[in-house]
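A.B. asks: Need the 3D shape of this:
(chains A, B and C)
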Amino acid sequence: MKLPSRILLGLFCLLVAVWLVAPTFVVVPMSFNEKKSLAFPPDGFSWQWYHNFFTNTDWSSSFFSSLKVATVTALVATVLGTLAAFGLDRMKSRASGVLRALLITPMVVPGVVLAVGIYAVYLDTHLVGTMTGFVLAHTMLAIPFVIIAVSASLEVFDRRLEVAATSLGASRLTAFRTVTLPLIAPGMLSGLLFAFVTSFDEIIVALFITSPYLKTLPVQIYSSITRDADPTVAAVGTILFLVTSLVIGAGLIIGSRQGRR
Amino acid sequence: MRMTVGKAAGFALLMATTAALAQSKPVAGEVAEGSLKGKTLTFASYGGIYQDGQVAALKEFVDKSGVTLLNDGPTEISKVQAQVESGNVTWDVVDTADFPPYVYCGSLFQKLDFSKIDISNIPEGQVSECSVPAMNYGVVLMYKNDTYKDNPPKDWKDFFDTEKFPGIRAVDGSGDFSGGLLEQALLAAGQPIDNLTPADIDKGIEKMRTLGPDTIYWKTGAESQQLAESGEADMIVMWTGRAMTAVKNGAAYTPVWKDWLVVMDQMTIPVGVKDPDAAHALINAYVGKSAQEVLAKDTSYTPIHKDAKPEVDEVTASFMTNTPDKLKLGFQQNMKFWVANFDAANEKWAGLMAGN
Amino acid sequence: MAGSDIAATGGRTASAPAAAGEPRRRLSGGPFWLVVPALLLLVAVLGLPLAMIVMRSFAEPRWGLQNYFWFFGTPVNLIVLQRTFVISAWVAVVCLVCGYPYAYVMTAVGPKLRLALILCVLVPFWVSGVVRTLAWVILLQDSGVINSVLRGLGLGSVRLIRTQTGVVIGMAQVLLPFMILPLYSVMKTIDLRLVQAARSLGASPARAFLQVYLPLSLPGVYAGAIIVFILALGFYITPALLGGPRSTMLSTLIQNQVLSLLNWGRGGAMGVVLLIATFVLLAIAAPLMRQPHRQGERR
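C.D. replies: Numbering: from 1, shown residues only, chains lettered A, B, ... in the order given. As a prediction, the model looks like this:
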């Protein structure tokens, strides 16, 4: 490619990159606003919204609810999703294609339609505002991500390794534990993370099935935006951004070390 | 499902009568020491400084009765419906907009037992079978000082006159239609409003459309406040509480009080709550003098107790709607007509909201 | 994806016949049972709710097609339905136009720069989706950053918030990663020597791109575009917070019917229309997303 067109292409990508990250970085300064308003650029500097997040029970309890729901969801979804990915991998191709498509549908069903339906069912079964209700719905939404992640690692996994282990006398369970599991662990881990994030950030279904006794963080954020318009939401966004950055940064460093070994 | 609701309601009625017989006449604002110890009540309202103020107003009640008060919201009628139909009512007392207690009286909201609520100090004509007022407030026209300078809009006619008063309008699109605003639209279109017919709904909506495609329909009180603080709209139809907060936060807007729309929120109890007595006790405490003074002080909404004299600062006082001069200027919507035509008006309003 | 599965499974069964003979027979009923728990959950929390919506759309307030007659007989619904498709299409186009060069550059640069580019794609996921939409409100409003910059440059201000343009900008930013990732995963498998070969045979850069590179990248284009389009159809939060009356999408109407007007039947009928549109699109697009060129590359 000629130089000018390369520069143009580079500039274009820079613009797209800015567009992608702009909202994230707008949130950070907003969280230090001195006034109770969501203005940008903000006026003055204060930590009060962070203080509010950590001391106001509405915020802290919704944060812990989300943490609980997302953790349980991630675990359940990883187990169910990994099992399903294995089943699909070892099934006749035709049936597996249909089942795979079926299991991935939650990703494409319009959120509000799903939420209205779940709300209707939960009303009849008294699951509105319950931990079980949240975990069931979020697990269903998270399973596709686990299946995709685990399937991807199964696709490159050479099944002859497992066969070799069994032919050398290992039981199927031992073969699975010592050969298969370590090889697909990265896939499961990324599935687990995706499931966690899916649940932690889920808002539409949560808006419908929430109750005063169980409110997740996104619901609290949404009602804060529509009711109070105070910068605590920006503080929450900043905290989440920092925590995720740390986790992912640590992951990258560990990953690159292992890569070098 | 119906059966359970019916049974629950019957049971509640029975409980209510027995309790009423055992109890002497209530006094607004009073509750017996420790009478609700170990009980939990959930109060749903619209959030923001408003709900904060309501919670502050109820603090004395909470401290004295020993009840645990949970807060939720924003109020959505569908959630009330869902709770009532499923027989699992988690909202014990609900603060609703103007219409719902009239439209859903007896179906979603229970008929109140006025032997347990002292309504003797509430202004005339504001108590309905299923509700007492939660506060009085106004919907005012706020205009941006910079835009209109020496020639500001003076009434709703000017609001609807986009030629003489160009600029972006912002209207309450947060929920149900505003009957008062539609009536003002009709007046601006030269229609009389003393004998409203269903055809007038269309004419009112048509007049709203003439405000132009740039018109903002704000969806929450917070959004209207944001609009004023950022100066994005030139004329904003605003709730007085939000208008006051915006002005306190530095919004350079001025209210127009001519024909301000008189509105109120309502305190209601859904059908089938687990402890109707406790819910009634909450409302009885809420309408008390000191509770209303706290509420008014914190929110600038007007108290619904005749003798309440809240101590407020200058800005807040300027947004109180119960002063004689403001009461004279207020405009009351035709409640009967709008309740009777609730579904039709709401559907047409929703059409306007969706940009048709 | 399905095509490569078949190939892979075939390879495996052929390669390990005798040794796995016994366990394989025992497993023949096995794999399905592994899928059952996930399927059961799916039936309970997806199948049942959707069935409920379909039923209510026919059953409330009484049995019949009334809600569908109402839906298709009310102009505003049709306008909103059409608008939902138009906005989604715009979002897909914007994502494609921005995502295609971006994904290409990801394949062309060194590992460090690539990591930076990938991080830019992933960063949006690190902040709660609702908070991000709020940030767009702040950025797009008339007194917001974008308009300040435009005014500073002497370009005058543009109305973005509560317009379709604003909604498209916000939605496309949320959905762009769903375009870039499939594009990138296809593009990184394209053998650039094919393009060089075309160039050395005398093709202009444009022609080499159009006739060699573009066709090879098409599966990624289809996959990305269809995913973005379908996800956009069901968007709710972004249009609700960023949009105005003229950018109301179907999800908002559904929510309004059910939550404000208490009309489950009509809301249900709208939901069914949106569902059918989604699945019809998927059915049409699924064959396009398979990667026909993969086999060719391997040869």
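
A.B. asks: does any part of the helix or strand encompassing A:V27 sit near chain C?
C.D. replies: Counting by DSSP states H and E, the element that carries A:V27 is helix A:3-30. Yes. Judged by Cβ under 8 Å from any Cβ of the partner chain, helix A:3-30 and chain C are in contact via A:9-10, A:12-13, A:16-17, A:19-24, A:26-27, A:30. The way it works is simple: take the backbone N, C-alpha and C, and place the C-beta from them, glycine included.

A.B. asks: Out of those, which are close to chain B?
C.D. replies: Answer for the residues of helix A:3-30 next to chain C near chain B: none qualify (Cβ under 8 Å from any Cβ).

A.B. asks: could you say what helices and strands the helix holding A:V27 packs with?
C.D. replies: helix A:232-260, helix C:75-108, helix C:111-122, helix C:129-140, helix C:164-187 (3 or more Cβ pairs under 8 Å, 6 or more residues apart in numbering or on different chains; DSSP states H and E).

A.B. asks: mind showing which ranges of the stretch 1-150 of chain A have poor pLDDT?
C.D. replies: Within the stretch 1-150 of chain A, the segments meeting pLDDT under 70 span A:1-2.

A.B. asks: With the stretch 151-261 of chain A instead?
C.D. replies: A:255, A:257-261.

A.B. asks: now do the stretch 1-150 of chain B
C.D. replies: For the stretch 1-150 of chain B, the ranges with pLDDT under 70 are B:1-24.

A.B. asks: tell me the contacts of the residue in it that chain A sits nearest to?
C.D. replies: Nearest residue of the stretch 1-150 of chain B to chain A: B:G47, at 3.1 Å (Cβ to the nearest Cβ). For B:G47, the contacting residues are A:223, A:226-228, B:73-74, by Cβ atoms under 8 Å, 6 or more residues apart in numbering or on different chains.

A.B. asks: go on, C:A285?
C.D. replies: C:222, C:226.

A.B. asks: okay, it: pLDDT?
C.D. replies: On the pLDDT scale, C:A285 is placed at 82.

A.B. asks: quick one, the helix or strand hosting it and helix C:75-108 angle?
C.D. replies: Applying DSSP H and E as the criterion places C:A285 in helix C:264-289. With axes from the mean of the first three to the mean of the last three Cα atoms, to 10 degrees defining the directions, helix C:264-289 sits at 30 degrees from helix C:75-108.

A.B. asks: Now helix C:264-289: buried residues?
C.D. replies: Within helix C:264-289, the residues scored as buried using 16 or more other Cβ atoms under 10 Å in any protein chain shown are C:264-275, C:277-278, C:281-282, C:285, C:289.

A.B. asks: ok so, going back, how about the contacts of B:G47 in JSON lines, adding secondary structure?
C.D. replies: Compiled in JSON lines, the contacts of B:G47 are given as follows (DSSP: H, G, I helix; E, B strand; the rest coil):
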{"residue": "A:S223", "secondary structure": "helix"}
{"residue": "A:T226", "secondary structure": "helix"}
{"residue": "A:R227", "secondary structure": "helix"}
{"residue": "A:D228", "secondary structure": "coil"}
{"residue": "B:G73", "secondary structure": "coil"}
{"residue": "B:P74", "secondary structure": "coil"}
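
A.B. asks: For the stretch 51-200 of chain B, what lies in contact range of chain A?
C.D. replies: Proximity of the stretch 51-200 of chain B to chain A, by Cβ under 8 Å from any Cβ, involves residues B:51, B:70-74, B:82, B:85-86, B:88, B:90-91.

A.B. asks: which ones among those residues are found in helices?
C.D. replies: B:51, B:82, B:85-86 (DSSP state H).

A.B. asks: Once you drop chain neighbours, what's closest to the residue of the stretch 1-150 of chain B closest to chain A?
C.D. replies: Once flanking residues are discounted, B:G47 sits nearest to A:R227: 3.1 Å by Cβ to Cβ, 6 or more residues apart in numbering or on different chains.

A.B. asks: And that neighbour, how close does it get to chain C?
C.D. replies: Distance of A:R227 to chain C, given as Cβ to the nearest Cβ, to the nearest Å: 13 Å.
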